[in-house]
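*Asks:* need coordinates for the below:
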Amino acid sequence: MNKKKIIIIVLAVILAVAAVATVYGIFFSKPKKIMPKETVKLSEFTDKTDGIRLIGHRGLSGTAPENTVPAFEEAGKAGYFGAECDVRMTKDGRWVIMHDFDTKRMCFSFRAVSLSSYESLSKLEIRNGANIEKYKNTKIPTVEEYLTVCVSYSVTPVIEIKNDDCSYDVIRSLYDAVYGVDGVGDVIFISFSQEAIENIRKIDSNSVCYLLVNEMKKENVDYCAENKFGIDFNANNKKLEDETLEYMVDSGIETACWTVDGKETLERMLSFGVYTFTTNRILPEE
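*Replies:* Next comes the predicted model:
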């Protein structure tokens, strides 16, 4: 057997092993248990509390399972300005709350949201998340259920559009679902997809939209300034330079950042004039 054939066989074996490992990971391995996070009052991190807006990350996900009705209720009870959620559309056109492409991490059962019917997803139980033992029989909520909680607690909905398809008709269906709920007022739409927030603006020119970015660059800031979008950036990205933050602030666009759970990060963002923070554990003042 010549050397070329040996190399091909070795590569084929490696690819086969990788494929088996991937399939096992998707369907059979058990996701890591999500642990609760100790909460802390905002005043314990800073005495400059005036003007700060705190948004519960996927609800108060440090206390209750993320993106569930209990997490959104806990955010409401705690007095957050906003409660953030992640939305995806099922194959039959319903909008549900789920961060991941699939349900495995939260439900220990694999279902791709976009390939599943709402009925099949509604039968799953949330089995992972902070203090999950206190929240038995918790289900994947719809966007309508999420908004009902926000309305009842006067919490601003912050809706991250996670859907892969962000075409106009799809985003129109989300907009109609959101504003089909009685009592919904101001809503903040956020997304990594420029197409998503541009389509929201085509539907409603007065809507509040933020572009999400992990690694903020000057071109991101320029895009948001030109289109009158806010920017919502990863405050923990190690590549985030002071010069870029100064450029962002000087542009005059609205700013927000995620996910701020520590004093050092909070203080750095405040020093640059950023006052809107998505957090898992920092509690607003009563």
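
*Asks:* strands of the protein, residue ranges please.
*Replies:* 40-41, 53-56, 82-89, 95-97, 156-161, 188-191, 208-213, 230-234, 255-258, 276-279, 282-283 (DSSP state E).

*Asks:* could you give the separation of stretch 73-80 from the chain centroid?
*Replies:* 17 Å (C-alpha atoms, centre = their mean, to the nearest Å).

*Asks:* quick one on the thing from earlier: and the strands of the chain: which comes nearest Tyr118?
*Replies:* Closest approach to Tyr118 among these (C-beta to C-beta): strand 95-97, 6.8 Å. To be clear about C-beta, it is placed using only N, CA and C from the backbone, and glycine gets the same treatment.

*Asks:* mind listing what's buried along stretch 129-146?
*Replies:* Within stretch 129-146, the residues that qualify as buried are 129-130, 132, 135, 138-146, counting by 16 or more other C-beta atoms under 10 Å.

*Asks:* return the closest of those with respect to Arg111.
*Replies:* Ile140 (9.4 Å).

*Asks:* what does the domain assignment say about the chain?
*Replies:* As recorded under automatic domain parsing, the domains making up the chain are 1-30, 32-283.

*Asks:* so how far is the first residue of the longest one from its last?
*Replies:* Right, domain 32-283. The straight-line separation of the ends of domain 32-283 (C-alpha to C-alpha, to the nearest Å) is 26 Å.

*Asks:* what's the average pLDDT for it?
*Replies:* For domain 32-283, the mean per-residue pLDDT is 98.

*Asks:* now do the contacts for Val143.
*Replies:* Each residue near Val143 by C-beta atoms under 8 Å, 6 or more residues apart in numbering is listed here: Cys85, Val87, Trp95, Val96, Ile97, Ile159, Leu174, Ala177, Val178.

*Asks:* typo on my end, it should be Met216
*Replies:* Counted by C-beta under 8 Å, 6+ apart, Met216 has contacts Ile231, Phe233, Asn234, Asn237, Leu240, Thr244, Met248.

*Asks:* ok, the second one to His57 distance?
*Replies:* Read that as Phe233. From Phe233 over to His57 the distance is 14 Å, taken as C-beta to C-beta, to the nearest Å.

*Asks:* how about stretch 223-231 as CSV, C-alpha atoms only?
*Replies:* Extracted C-alpha coordinates of stretch 223-231, given in CSV (Å, rounded to 0.1, in the frame of the first residue of the first chain):
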residue,chain,number,x,y,z
TYR,A,223,-23.5,51.5,10.6
CYS,A,224,-25.6,52.2,13.7
ALA,A,225,-25.1,55.9,13.5
GLU,A,226,-26.1,56.0,9.8
ASN,A,227,-29.2,54.0,10.4
LYS,A,228,-30.1,55.4,13.8
PHE,A,229,-29.8,52.1,15.6
GLY,A,230,-28.4,51.6,19.0
ILE,A,231,-25.4,49.2,19.7
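
*Asks:* how far off centre is that stretch?
*Replies:* With C-alpha atoms, centre = their mean, you get 20 Å for stretch 223-231.
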